[in-house]
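>>> What shape does this take:
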Amino acid sequence: MTRHHNFCAGPAAMPAPVLERARQEMLDYQGRGLSVMEMSHRSSDYMAIAEQAEHDLRDLLSIPDNYRVLFTQGGATQQFAALPYNLLGQGGTANFVHTGIWGSKAIKEAEHLFGRAAVAASSQANGHTSVPRVDDIRLSTDAAYLHYTANETIGGLEFDYLPGNGRGNLSRADGEEVPVVCDMSSSILSRPVDVSRFGIIYAGAQKNIGPAGLVVVIVREDLLDRARADMPSLFSYRALAEAGSMVNTPATYSWYLAGLVFQWLRHDIGGLDAMQQINDSKARKLYAAIDNSDFFSNPIAELNRSRMNVPFVLADARLDERFLAESAEAGLLNLKGHRSVGGMRASLYNAVPEAAVDALVDFMADFERRNG
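Numbers count the residues shown, from 1 in each chain. Here you go, the predicted model:
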């Protein structure tokens, strides 16, 4: 069996030690005589798995006691609908910082459901190559919350600052504070983050947490009672919190694998400070290879270059298909850019080893020598 280097944006690479452990436990979980996939989510064995996963995530992110951790389903895209349902029960308008495709989708969903969404700041004028500064954010007078996407996976644009204050809010012009909500799907667990600077953090699992289908929501307790009465019951953060994320049958195996990833980060990697050092090193190497070349380029302002998703284009787009074919043959998989922007994209999530970046950089240099 040969394991290639996987640069997919999601579902993404999983840590090899996690896959190995899951393989060992696939048919017989710790001598119980059955797979985790076959367990009742109400059994004591599975409840222990779920509780350990939450404990480890809280430890990794130093999540304060006044935040609840929810393990839910539907992908981060479902949260585009769940969030306004949970936060607009007292009126007001959802506000957004628009920095790319995923932020745009969140805006459109709020508009579709509730007729209006306010764009408090946007990077559209610069082609989404740098994020608006905090002083550029103008909340509407009736803002109920501010939503932003920490890292746009398609455009490779990442915030270099946290908009929220130490209470997880941002102030409107009238002085009223509104919670800051962050889609952290593609950057969560890549480095330490101060959870208290947010009202809500949510993340689809399939990049840095585990398999697709699971979503982690970290919500401040005072925000659990702002929901609309007409909300679908499975969207309710309050109901999920009170039921231990088991209002219905959860994505049990994905939750189990996420727990293994949390253990890998804690015990194998040594926590998020160590993970950040590895991720910074990977990103520096790839951006240096791009910047020191006349053959490859990246359009994003240096301050806002994503560490997780690195888009780049070739000087001659006619060589794109050759680059993709030869890179795949060399064991460098899933480098094709998103269909909306073209070019290439290397996603450097936690499970992508530094050796993969070294191999990609070497391949890029060789390809340039042969085709430049």
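>>> In the stretch 201-350 of the chain, what residue spans correspond to strands?
For the stretch 201-350 of the chain, the strands identified by DSSP state E, counting those that start in this stretch occupy 214-220, 296-297, 309-314, 332-333, 344-347, in order along the chain.
>>> Only alpha carbons, please: show the helix ranked longest in the chain as PDB.
Longest helix in the chain, counting residues (DSSP state H): helix 272-291. Extracted C-alpha coordinates of helix 272-291, given in PDB (Å, rounded to 0.1, in the frame of the first residue of the first chain):
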ATOM      1  CA  LEU A 272      -1.800  23.800  19.300                       C
ATOM      2  CA  ASP A 273       1.400  25.900  20.000                       C
ATOM      3  CA  ALA A 274       3.400  23.000  18.400                       C
ATOM      4  CA  MET A 275       0.800  22.600  15.600                       C
ATOM      5  CA  GLN A 276       1.100  26.300  14.800                       C
ATOM      6  CA  GLN A 277       4.900  26.000  14.500                       C
ATOM      7  CA  ILE A 278       4.500  23.200  12.000                       C
ATOM      8  CA  ASN A 279       1.800  24.900  10.000                       C
ATOM      9  CA  ASP A 280       3.800  28.200   9.800                       C
ATOM     10  CA  SER A 281       6.800  26.300   8.600                       C
ATOM     11  CA  LYS A 282       4.800  24.500   5.900                       C
ATOM     12  CA  ALA A 283       3.200  27.800   4.700                       C
ATOM     13  CA  ARG A 284       6.500  29.700   4.700                       C
ATOM     14  CA  LYS A 285       8.200  27.000   2.500                       C
ATOM     15  CA  LEU A 286       5.400  27.000  -0.100                       C
ATOM     16  CA  TYR A 287       5.000  30.800  -0.300                       C
ATOM     17  CA  ALA A 288       8.700  31.200  -0.600                       C
ATOM     18  CA  ALA A 289       8.800  28.800  -3.500                       C
ATOM     19  CA  ILE A 290       6.000  30.800  -5.200                       C
ATOM     20  CA  ASP A 291       7.500  34.300  -4.400                       C
END
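>>> Dihedrals phi and psi, the closest residue to Ser245 other than its chain neighbours?
Leaving aside its chain neighbours, Ser245 sits nearest to Phe71 (4.4 Å; criterion: C-beta to C-beta, 6 or more residues apart in numbering). Quick note: C-beta positions are derived from backbone N, CA and C, even for glycine. Recorded main-chain torsions at Phe71 are phi -110, psi 100, according to degrees, to the nearest 10.
>>> List the contacts of Phe71.
For Phe71, the contacting residues are Ala50, Ala53, Glu54, Leu214, Val215, Val216, Ser245, Pro250, Ala251, Trp255, Ala258, taking C-beta atoms under 8 Å, 6 or more residues apart in numbering as the criterion.
>>> Identify the bridge partners of it.
The partner list for Phe71 in beta bridges (DSSP bridges) reads Val216.
>>> how close does it sit to Phe80?
Taking C-beta to C-beta, to the nearest Å as the measure, Phe71 falls 18 Å from Phe80.
>>> do the same with Ala241
The gap separating Ala241 from Phe80 is 20 Å, by C-beta to C-beta.
>>> what's stretch 29-40 in contact with?
Residues from elsewhere that reach stretch 29-40 (C-beta under 8 Å, 6+ apart): Glu25, Met26, Leu27, Asp28, Asp45, Tyr46, Ile49, Thr252, Tyr253, Tyr256.
>>> Need the mean per-residue confidence for that stretch.
The pLDDT scores in stretch 29-40 average 97.
>>> How far does it sit from its chain's centre?
Here stretch 29-40 is found 29 Å from its chain centre; the criterion is C-alpha atoms, centre = their mean, to the nearest Å.
>>> ok, now stretch 207-218?
Its chain's average C-alpha position is 8 Å from that of stretch 207-218, according to C-alpha atoms, centre = their mean.
>>> how long is that stretch end to end?
Criterion C-alpha to C-alpha, to the nearest Å; first-to-last residue distance in stretch 207-218 is 17 Å.
>>> With that, I have no additional questions.
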